[in-house]
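Colleague: With the input below, show me the fold.
(2 chains)
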Amino acid sequence: NAGVTQTPKFRILKIGQSMTLQCAQDMNHNYMYWYRQDPGMGLKLIYYSVGAGITDKGEVPNGYNVSRSTTEDFPLRLELAAPSQTSVYFCASSKTGQLGNTIYFGEGSWLTVV
Amino acid sequence: GENVEQHPSTLSVQEGDSAVIKCTYSDSASNYFPWYKQELGKRPQLIIDIRSNVGEKKDQRIAVTLNKTAKHFSLHITETQPEDSAVYFCAAPGGSARQLTFGSGTQLTVLP
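Modeller: All right, here's what the predicted structure looks like:
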């Protein structure tokens, strides 16, 4: 199993541009998440999904959108990129809800908005 | 929502010494407390977790203790080794989405 795979690993965006971070998992997990990690800070939940066709906002959803058309894929869309969105983004998944279930993270995507 | 505070933000210990990282949480309904380790440039990985029905859990050189009354839990690493150097995150369920809220992390450095 590849686990959680996210692309791209690095990206530089100009202010106002849009892009999609791709995420896929091959563990047949129901739950998927997107976190952002700012330097010296913890992980903030952007969006999560409990299954195909179902998504919900986390702590910091503004400026982002997600979709979950299949169990495997959970792309994160950035519209009108802003410098405040410069961060490391982690996609993650778990079999069921987070309480008591291990969250598996992808390798991260480093995004810089200039 | 849940508020998770983690201390210290940085910790340096000599190889072989013990390290202790403490987290406090605000939501008394929280019942699951994992710890994640993140090596430089890598993804966070679960190293140990504890549920609210036990007070302590050990796995070789690492242990986690939980004090529900005081609403704090701690990570203990004994006989530290250079490969223990990493950022450690605690987490507790809560927040606006009732999902895990992470602490701000502790940079542990084990000095040879």
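
Colleague: Only C-alpha atoms from now on, for both contacts and neighbour counts.
Modeller: Fine.

Colleague: Show me what from chain B comes close to chain A.
Modeller: B:31-32, B:42-46, B:49, B:51, B:89, B:93, B:95-97, B:99-105 (CA under 8 Å from any CA of the partner chain).

Colleague: which ones are touching residue B:89?
Modeller: A:42, B:6, B:35, B:36, B:37, B:38, B:102, B:103, B:104, B:105, B:106 (CA atoms under 8 Å, 6 or more residues apart in numbering or on different chains).

Colleague: and if we set it to 10 Å?
Modeller: A:41-43, B:6, B:21, B:23, B:34-38, B:44-46, B:75, B:102-107 (CA atoms under 10 Å, 6 or more residues apart in numbering or on different chains).

Colleague: Need the nearest residue in space to residue A:64, chain neighbours excluded.
Modeller: residue A:78 (4.9 Å; CA to CA, 6 or more residues apart in numbering or on different chains).

Colleague: And the strands in chain B?
Modeller: Assigned strands in chain B, in chain order: B:4-7, B:10-14, B:19-25, B:32-38, B:45-51, B:56-59, B:62-67, B:72-77, B:86-94, B:99-102, B:106-111 (criterion: DSSP state E).

Colleague: which other helices and strands contact the fifth one?
Modeller: Strand B:45-51 sits against strand A:104-105, strand B:32-38, strand B:56-59, strand B:62-67, strand B:72-77, strand B:86-94, with contacts defined as 3 or more CA pairs under 10 Å, 6 or more residues apart in numbering or on different chains; DSSP states H and E.

Colleague: who wins for proximity to residue A:69 among the ones you listed?
Modeller: strand A:104-105 (20.0 Å; CA to CA).

Colleague: and that closest one, how far from the chain's centre?
Modeller: In terms of CA atoms, centre = their mean, to the nearest Å, the centre of strand A:104-105 is set 11 Å apart from its chain centre.

Colleague: hmm, which of the contacts of residue B:89 are the buried ones?
Modeller: Buried subset of the contacts of residue B:89 (neighbour count, 16 or more other CA atoms under 10 Å in any protein chain shown): A:42-43, B:6, B:21, B:23, B:34-38, B:44-46, B:75, B:102-107.

Colleague: got the contact list for residue B:112?
Modeller: Contacts of residue B:112 (CA under 10 Å, 6+ apart): B:13, B:14, B:15, B:16, B:80, B:81, B:82.

Colleague: Most neighbours among these, please name it.
Modeller: residue B:80 (22 neighbours; other CA atoms under 10 Å in any protein chain shown).
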